[in-house]
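Visitor: What follows is a predicted structure for the sequence shown.
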Amino acid sequence: MKPILLLAIPLGKAFEANVADYFDISTDMTPRAGVEALVTVGNIVTDGPFMDGFPNLKIIACFGSGYENIDITAAKLRNIKVTNTVGANASTVADLAVGLLLASMRNIVYGDQNIRAGQWRGNLARMLFTPSVTGRHIGIIGMGAIGRKIGERMAGFETKIGYFNRSMKVDLRWRYFPSALKLATWADVLIIAHRADDSNRHMVNAEVIKALGKEGHIINIAHGNAIDEDALIAALKDGTIAGAGLDVFQGEPNVRPEFLQLNNVVLTPHIGGGTREAFAAMSAAVVNNIMAMAKGRALPNEVT
Amino acid sequence: MKPTLLLAIPLGKAFEQNFTDRYEVSADMTPRSGVEVLVTIGAIGADGTFMDGFPDLKLISCFGSGYESVDLTAAKARGIKVTNTVGANAATVADLAVGLLLASMRHVVYGDQQIRAGHWRGKNMAKVLFTPSVTGRKIGIIGLGAIGRKIGERMAAFETEVGYFNRSKKDDVNWQYFSTPLELAEWADVLIIAHRADETNRHMINAAMMKALGPEGHIVNISRGSAIDEDALIAALQDGTIAGAGLDVFEDEPNVRPEFLTLPNVVLTPHIGGGTREAFAAMSATVVANVYAMGDGKPLPNEVI
């Protein structure tokens, strides 16, 4: 009899075919013996009592890079490994980050709104004498897989790249800043790409926003908690900064109604990782982690 | 007495101050002698009759890369040089081209519309979550002048394959060359229109090109509206012959075909490709350089022939 792989989220027939030789696949979350693998996502709560319901559980494989609601300590106590798919969607997320930057700085959504309203250009000075993307200082918060891909893409636009990260990356020649505030003081654009969690909630606060300055733009493809949304809304309204491009929100899928009325913010519904290539790469990474566990090999993406 | 420099378009006090030592700057277009320089734009231009009104005219300096309404033959016959500011706004135009590509392929405007309408991702989840990625795609550029090159450099940074059609193969780039636009469209996932569009290549992007591009294809146009057969494009966007488009230029701008306004798979911007203050400064500096060179009897940096 094969062990059971529990699917907390549907991943499609192609995924299931990849693990069917080793596992019986189930979506029945009833506590029981025989379940050795759980495939889930980081925002579904997976705590100690849940784990206790599955005494044979050996691996919790998260689809995506997040594992914020997986109790890592409880898993460790029970000898359960936790994996994610870090990096698998990095290119796709970086592409959207650059798309939001260009849309915000070059007024693409605002221009589209004006045309559809029959107004052609609307505010002429804003449309025709805006600062160019080329030549700007691009500040990236977080130099993980996504931050690097964003930097590589933005370097293609003849820009200067700087970053803040917990540690300086010795293999990069981009300028390092030891704090988000120092980066914001230097940068024209801040792109938020770090692993945002409760320990760094509201890293981008009123002070950082003010340091960026009135021609500044903020892009967030990381996590809604990274930004103090009250401060951001005030800054967009009073011209403390010029614009923002947001793919993530505090309390999503609910979006603060103030954002909906602003014409200097670009809003996308958390689609940063939303390509079929990223889905395929994340599925393959989950399969690799589960099969490594099944065959007693080192796990490619263990989270500790 | 100083010669006169005629400004067909207002370019601001700072621009005019570049010339006041050497020229009387005037916006009065009354035919007369003493006018040696005309600063204008390609869309306004100048014909032979106009030139005859200014017998001392030596230089027509176009602000921007266009010179479509300047009668080059008439200018040559009268010994008048014509210059433009080719390349000065290339980086700025290329930036918008990439922005339109990303907005179209990654549903930035569509996503924004859904959120503002209170729908979050909208009914079509597959469209926003399982779309083809930009990374890895084949990017086809029509026209490898200053703007096309800048687009290619930017898109190469997205881990894409870049190919191009141009009248001649460029020996100094290693991107794949295609000898016809149709062959490029068959190969490409995205077509970016960046050539000098004029009457000789009107509607280069026609129904056959769109069919060749295919149902996952996107078209970006930052060149000129006449480059695309808009009837064919509207039909292709409506029936799924291609997936989407990003357009900064239109056949009859500032009028935009009403069919575009209701389509969810097109991104529309109001001809802002060159619209940055850096591009404005670079184009101004180029006009100044050409006017000074003429005054000093030196070779003109951007003579159009």
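Guide: Sure thing, it's come through. Residues are numbered from 1 along each chain as shown, chains lettered A, B, ... in the order given.

Visitor: contacts, neighbours, all on C-alpha from now
Guide: Fine.

Visitor: Helices of chain A, start to end?
Guide: Remark: helices of chain A, listed N- to C-terminal, are A:13-19, A:48-52, A:72-77, A:90-105, A:108-116, A:124-128, A:145-155, A:180-186, A:206-212, A:229-238, A:257-261, A:276-294; assignment by DSSP state H.

Visitor: Let's have those in CSV, adding mean pLDDT, mean neighbour count and distance to B:Glu183.
Guide: Shown next, in CSV, are the helices of chain A (pLDDT from 0 to 100; neighbours: other Cα atoms under 10 Å in any protein chain shown; distance: least, Cα to Cα, whole Å):
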stretch, mean pLDDT, mean neighbour count, distance to B:Glu183
helix A:13-19, 93, 14, 34
helix A:48-52, 97, 15, 57
helix A:72-77, 98, 15, 54
helix A:90-105, 98, 27, 27
helix A:108-116, 98, 24, 30
helix A:124-128, 92, 17, 35
helix A:145-155, 98, 23, 28
helix A:180-186, 98, 21, 46
helix A:206-212, 98, 20, 46
helix A:229-238, 98, 17, 46
helix A:257-261, 98, 14, 43
helix A:276-294, 96, 20, 26
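
Visitor: Out of these, the one nearest B:Ala94 is which?
Guide: Between B:Ala94 and these, the tightest spacing by Cα to Cα is seen for helix A:90-105, at 11.0 Å.

Visitor: so how far is that closest one from its chain's centroid?
Guide: Its chain's C-alpha centre lies 12 Å from the corresponding centre of helix A:90-105 when counted by Cα atoms, centre = their mean, to the nearest Å.

Visitor: about what we covered before: identify whichever of the helices of chain A lies nearest to B:Val39.
Guide: With Cα to Cα as the measure, helix A:124-128 is the member of the helices of chain A nearest B:Val39 (19.4 Å).

Visitor: Output that closest one in CSV with nothing but the alpha carbons.
Guide: The C-alpha atoms that make up helix A:124-128 are tabulated as CSV, following Å, rounded to 0.1, in the frame of the first residue of the first chain:
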residue,chain,number,x,y,z
LEU,A,124,-0.1,67.7,-20.4
ALA,A,125,2.8,68.4,-18.1
ARG,A,126,2.4,65.1,-16.3
MET,A,127,2.2,63.2,-19.6
LEU,A,128,4.9,64.9,-21.6
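
Visitor: Can that helix be said to contact chain B?
Guide: Yes. Using Cα under 8 Å from any Cα of the partner chain, helix A:124-128 reaches chain B at A:Met127, A:Leu128.

Visitor: Off-centre distance for that helix?
Guide: Relative to its parent chain, helix A:124-128 has a centroid offset of 32 Å by Cα atoms, centre = their mean.

Visitor: outside of it, which residues touch it?
Guide: Identification of contacts with helix A:124-128 by Cα atoms under 8 Å, 6 or more residues apart in numbering or on different chains yields A:Arg106, A:Asn107, A:Gly111, A:Arg121, B:Ile272, B:Gly274, B:Gly275, B:Thr276, B:Arg277.

Visitor: Could you give the number of residues near the fifth one?
Guide: Residue crowding around B:Ile272 was assessed by other Cα atoms under 10 Å in any protein chain shown; the count is 24.

Visitor: swap in the second one?
Guide: Using other Cα under 10 Å, the number of residues around A:Asn107 comes to 26.

Visitor: ok, and the closest non-adjacent residue to it?
Guide: Counting by Cα to Cα, 6 or more residues apart in numbering or on different chains, A:Met127 is the residue found nearest to A:Asn107 once chain neighbours are left out, at 6.7 Å.

Visitor: show me the contacts for residue 181.
Guide: Answering for chain A, as no chain was given. A:Glu207, A:Val208, A:Ala211.

Visitor: um, chain B though
Guide: B:Ile142, B:Phe165, B:Met204, B:Met209.

Visitor: right, and the helices of chain A - which one's nearest B:Ile228?
Guide: Among those, helix A:108-116 comes nearest to B:Ile228, with 18.7 Å by Cα to Cα.

Visitor: Please name every helix or strand in contact with that closest one.
Guide: With contacts defined as 3 or more Cα pairs under 8 Å, 6 or more residues apart in numbering or on different chains; DSSP states H and E, helix A:108-116 has these neighbours: helix B:108-116, strand B:266-268.

Visitor: if you set the cut-off to 7 Å instead, what comes out?
Guide: Other elements packing on helix A:108-116 under the criterion 3 or more Cα pairs under 7 Å, 6 or more residues apart in numbering or on different chains; DSSP states H and E are strand B:266-268.

Visitor: Note down every partner strand of the strand it packs on and its orientation.
Guide: strand B:244-247 (parallel) (DSSP bridges).

Visitor: Residues touching the next helix or strand after the partner strand, excluding its own?
Guide: Moving toward the C-terminus from strand B:244-247, the first helix or strand encountered (DSSP states H and E) is helix B:258-261. With Cα atoms under 7 Å, 6 or more residues apart in numbering or on different chains as the contact definition, helix B:258-261 has outside contacts at A:Arg116, B:Ile234.
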